[in-house]
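A.B. asks: Turn this into a model:
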Amino acid sequence: MKTAIYAKLSFMMFLEFFIWGGWFVTMGIYLPNTLGTDGSETALAYSTQSWGAIIAPFIIGLIADRFFNAERILGILHLVGAFLMYQLANADNFAQFYPYVLGYMIGYMPTLALVNSVSFNQLDDPSKQFGFIRVWGTVGWIVAGIVISRVFLWDSEEGIANGMLKNTFLMTAVASAVLGVFSFLLPKTPPKKGERASISEILGLDALKLLKDRNFLIFFLASVLICIPLAFYYQHAGQFLGEIGVDKPAEKMTIGQMSEVIFMLLLPFFFKRFGFKKTILVGMLAWTIRYLLFAYGDSGELLFMLIIGIALHGICYDFFFVSGQIYTDSKAGEQYKSSAQGLITLATYGVGMLIGFWIAGQITDKFALGEGAHAWDQIWIYPAIFAGVIFILFALLFKNEKVEYKQ
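C.D. replies: Below you'll find the predicted structure:
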């Protein structure tokens, strides 16, 4: 790959995830403190990710793959996203905020597939080369958190009190505009030629027959259910850290992304040494441990418990979701490979997270103490128990089988 193309793809990936990390993590702090939302309203805002994930396959499969160059659609979506982000920064209440965030996520979620499509179209050996491109996305997310916490101090106690977190949306709007314009300079990625995918293929419905396999059915259900604990983390971890007085919460949350990189490198060793079932069980158990650490840690002497809980993100995510993608690939075979991955994505980031965000919002409201405070020690017990139950059921019901590590 030419250096110029590598640089363009890396910058594209950096901005793609800088944008997401620049507002999504701290929205849970911004909404209750600036717009006065409750848990249910915060859940509505975060659930727009799920609606975006559900609608994204139609935008990609019915429009991008058929009629237009991927880089042009990427540019248009990010330019529209820049406008919507600007509107989010100027929303005075949640009624104004919600339509813009919903529209934004419907436009943003398809770009996750588009940046991959643009990258893969330029790679001679994606299995070896893509990782060097994708890692810049993680770097972008980390840099966004550091900029918010270190450079501008928007998530400091004073910054939160003065509503400075609205600037995260303005920062994201600028980054979206830059990526929108830059996208038109990316290598051309024309629409695919040949047979067009059907709606059932786009949604992964062709892979439903894989559910006849008992092991895959158990894994599928576990994947949907584990999204409930995952939703608690995405939706409320930042709010929790800010509320209990942890310094620079956005920066602290980037520890999770750093951990993700480390455990992604360790995953092949665990997978080959212990097999799929034990690896995924470790991922499930990590969810339970994380939330127990959140429940009993604090912003003082026990801050290290919260840091460990955040650092477990690499195990929680990589050992479950990445292992699950590998398992799905092995079960589907060549015939249903794309459909099976589409089905898992729709079931987890779509349906599973949608349910999870709603449950997390309801439970958070149940333990609201008034004046923006919550009984977090009680809230975190719920996802801990939920993840623990899934762990036990999976351990008992899933029969061990050999799965080769392929990526």
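A.B. asks: Can you pull out the residues in contact with stretch 177-193?
C.D. replies: With contact meaning CB atoms under 8 Å, 6 or more residues apart in numbering, stretch 177-193 is reached by 5, 8-9, 11-12, 15-16, 19, 64-72, 74-82, 117-118, 121-122. C-beta: built from backbone N, CA, C; applies to glycine.
A.B. asks: Quick one: distance of it to the chain centre.
C.D. replies: Distance of stretch 177-193 from the chain centroid (CA atoms, centre = their mean, to the nearest Å) equals 23 Å.
A.B. asks: what bits of the stretch 151-300 of the chain have low per-residue confidence?
C.D. replies: The stretch 151-300 of the chain contains residues with pLDDT under 70 at 194-204.
A.B. asks: contacting residues for A82?
C.D. replies: Contacts of A82 were listed using CB under 8 Å, 6+ apart, and they are A173, V174, S176, A177, G180.
A.B. asks: In CSV, could you pull the C-alpha coordinates for the helix or strand containing it?
C.D. replies: In this structure, A82 is located in helix 70-89 according to DSSP states H and E. Presented in CSV, the C-alpha positions along helix 70-89 are these (Å, rounded to 0.1, in the frame of the first residue of the first chain):
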residue,chain,number,x,y,z
ALA,A,70,-18.9,4.9,-0.7
GLU,A,71,-16.6,7.8,-0.1
ARG,A,72,-19.2,10.3,-1.5
ILE,A,73,-21.9,9.0,0.8
LEU,A,74,-19.5,9.1,3.7
GLY,A,75,-18.8,12.7,2.9
ILE,A,76,-22.4,13.7,2.6
LEU,A,77,-23.4,11.9,5.8
HIS,A,78,-20.7,13.6,7.8
LEU,A,79,-21.5,17.1,6.4
VAL,A,80,-25.1,16.5,7.4
GLY,A,81,-23.8,15.2,10.7
ALA,A,82,-21.8,18.5,11.3
PHE,A,83,-25.0,20.5,10.9
LEU,A,84,-27.0,18.2,13.3
MET,A,85,-24.2,18.3,15.9
TYR,A,86,-24.3,22.1,15.8
GLN,A,87,-28.0,22.0,16.4
LEU,A,88,-27.4,19.6,19.4
ALA,A,89,-25.1,22.1,20.9
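A.B. asks: of the contacts of A82, buried ones?
C.D. replies: A173, S176, A177, G180 (16 or more other CB atoms under 10 Å).
A.B. asks: related to what we said a few turns ago, now the buried members of the contacts of stretch 177-193.
C.D. replies: Among these, the ones that count as buried by 16+ other CB under 10 Å are 8-9, 11-12, 15-16, 19, 64-65, 69-72, 74-75, 77-82, 117-118, 121-122.
A.B. asks: Now the helix or strand just after the helix holding A82: buried residues?
C.D. replies: Later in the chain than helix 70-89, the nearest helix or strand by DSSP H and E is helix 94-120. Neighbour-count burial for helix 94-120, counted by 16+ other CB under 10 Å, picks out 94, 97-98, 100-119.
A.B. asks: Pull the number of nearby residues for V151.
C.D. replies: Number of residues near V151 (other CB atoms under 10 Å) recorded here: 9.
A.B. asks: Also the one 10 residues further on?
C.D. replies: Other residues within reach of A161, judged by other CB under 10 Å, total 10.
A.B. asks: Just give the closest residue to it, not the sequence neighbours.
C.D. replies: Residue nearest to A161 in three dimensions, not counting chain neighbours: N33, with 7.7 Å by CB to CB, 6 or more residues apart in numbering.
A.B. asks: ok, the one you found - contacts?
C.D. replies: I160, A161, G163, L165, G242, G372.
A.B. asks: Which one of the residues you listed sits in the busiest neighbourhood?
C.D. replies: Using other CB under 10 Å as the neighbour test, the contacts of N33 are led by G242, with 27 neighbours.
A.B. asks: A helix includes that one, no?
C.D. replies: Yes - counting by DSSP: H, G, I helix; E, B strand; the rest coil, G242 is part of a helix.
A.B. asks: what about the nearest residue to it once chain neighbours are set aside, which helix or strand?
C.D. replies: In this structure, G242 finds its nearest non-sequential neighbour in I29, 4.1 Å apart by CB to CB, 6+ apart. Using DSSP H and E, I29 falls within helix 27-30.
A.B. asks: in stretch 337-353, what's buried?
C.D. replies: Quick answer for stretch 337-353 (16+ other CB under 10 Å): 338-350, 352-353.
A.B. asks: Report the separation between G107 and I76.
C.D. replies: Look at G107 and I76: by CB to CB, to the nearest Å, they are 9 Å apart.
A.B. asks: before we move on, the earlier item: could I get the buried ones among the contacts of A82 in CSV, plus columns for distance to F367?
C.D. replies: CSV is the format used below for these (distance: CB to CB, whole Å):
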residue, distance to F367
A173, 34
S176, 35
A177, 40
G180, 41
